[in-house]
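Colleague: Predicted coordinates and the sequence they were generated for:
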Amino acid sequence: MKLPSVGDKLPELVSAEITPRQLVQYAGASGDWNEIHYDEPFARSAGFPSVIAHGMLSMAFLGRLVAGWGGPASVRRLTVRFRAVTYPGDIVTCSGQVVSVNGTKVEVQLQTKKDDGTITLDGTAVLSLLLFSEP
Amino acid sequence: MVPRFAAWIGRTGAELTWVVETGHLRRFAEAAGETDPMYFDEAAALVAGHRAIPALPTFAVALRAPDPREGLDLDWHKLLHAEQELLLDRTIYAGDRITVVGRMAEAWVKEGKSGTLDFLTIETVGTDSDGRRVFASRSTVAVRR
């Protein structure tokens, strides 16, 4: 296995177009039944033009990005800030870059971006090299 | 300015034990758009070196603890997820028994351009049947006044 080094980029992950159906799927699977994610009148009364995607759905994409790179067992920490809202119809591109390698600890900077360039999440992941799976 | 939720800090919700089900893991992976067979099929998971179907990293948040905010006067129209931190001590697998408990950990207030925002951090800890921590989650929401 080639060891990760600072500056390495993770293979990008591009989501399918977010659909209301996926938001209901995610609500059911995650147990987050906040109406803002599937009830149009509720979302509008909260000041949004339509329902909004769970921020945690985009974080799940970032989880897939890092688990797809090092394997699910290698992921020790995932932290994000939610910066902008995602709507049905949006496509989310997830990217990551290694910012430090300390012993067996690899730190990756993460970002999700919409097609119009809006950054929706940024964050970091920490992975353990000891638990990296062979690609 | 006094943070709106300051008086609630330290309040803990009830404990809840989950048995992690294969179907739950599959549904979560499917909702997240995952396609790697090891998240759906036990044989594929074993081939990939796992002892059972593994969870995706953020599956931990689907093991919801009873909400420690129960009874709080919260207007969900005015609430947005601001930050999320997840510490994973190990991979979660199908068949795991995990006990979760949530706690109101932190409250602060911020004056912004668009008004006053109250922040509230809920900490959730998951522990397995051997008493070892499996994950800790810190979820921060912002509530408009």
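Modeller: Sure, I can see it. Residues are numbered from 1 along each chain as shown, chains lettered A, B, ... in the order given.

Colleague: Show me the helices in the chain, by range?
Modeller: No chain in the question, so chain A it is. Secondary structure of chain A, counting by DSSP state H: helices at A:20-30, A:40-45, A:55-70.

Colleague: if you could check chain B rather than the one you did, that'd help
Modeller: With DSSP H as the criterion, chain B has helices at B:22-31, B:42-47.

Colleague: ranking those by burial, who's on top?
Modeller: Highest mean neighbour count of these: helix B:22-31, a mean of 19 (counted as mean count of other CB atoms under 10 Å in any protein chain shown). (Glycine included, C-beta is placed from N, CA and C.)

Colleague: Residue numbers of chain B in contact with chain A?
Modeller: Contact residues, chain B versus chain A (CB under 8 Å from any CB of the partner chain): B:24, B:27-28, B:30-34, B:36, B:48-50, B:54-58, B:61-62, B:64, B:76-91.

Colleague: Surely A:K9 and A:V108 touch.
Modeller: No - A:K9 is beyond contact range of A:V108, at 9.6 Å (criterion: CB atoms under 8 Å).

Colleague: okay, the residue lying closest to B:S114 once chain neighbours are set aside: pLDDT?
Modeller: The shortest distance from B:S114 to any non-neighbouring residue, by CB to CB, 6 or more residues apart in numbering or on different chains, is to B:R144 (7.8 Å). For B:R144, the pLDDT comes out at 89.

Colleague: Could you do A:K2 as well?
Modeller: pLDDT, A:K2: 78.

Colleague: which residue sits closest to A:K114, ignoring its sequence neighbours?
Modeller: Excluding its sequence neighbours, the residue lying closest to A:K114 (CB to CB, 6+ apart) is A:D90, at 5.1 Å.

Colleague: My guess is that neighbour contacts A:I18. True?
Modeller: Yes - between A:D90 and A:I18 a contact is recorded at 5.2 Å, counting by CB under 8 Å.

Colleague: Give the intersection of the neighbour lists for the two.
Modeller: Shared contacts of A:D90 and A:I18 (CB atoms under 8 Å, 6 or more residues apart in numbering or on different chains): A:A53.

Colleague: So those two - more neighbours on which side?
Modeller: A:I18 (23 against 18; other CB atoms under 10 Å in any protein chain shown).

Colleague: right, and the more buried one touches A:T112 too?
Modeller: No - the criterion here is CB under 8 Å, and A:I18 misses it with A:T112 at 11.4 Å.

Colleague: which residues do these two both contact?
Modeller: Taking CB under 8 Å, 6+ apart as the criterion, A:I18 and A:T112 both touch A:V92.

Colleague: For chain B, which segments are assigned as strands?
Modeller: Remark: strands assigned in chain B by DSSP state E are B:16-19, B:79-88, B:97-112, B:115-128, B:133-144.

Colleague: same check, this time on chain A
Modeller: In chain A, the segments counted as strands under DSSP E are A:13-14, A:75-82, A:92-102, A:105-114, A:119-128.

Colleague: May I see the buried residues of stretch A:37-51?
Modeller: Residues A:37-38, A:42-43, A:46, A:51 are the ones in stretch A:37-51 that count as buried (16 or more other CB atoms under 10 Å in any protein chain shown).
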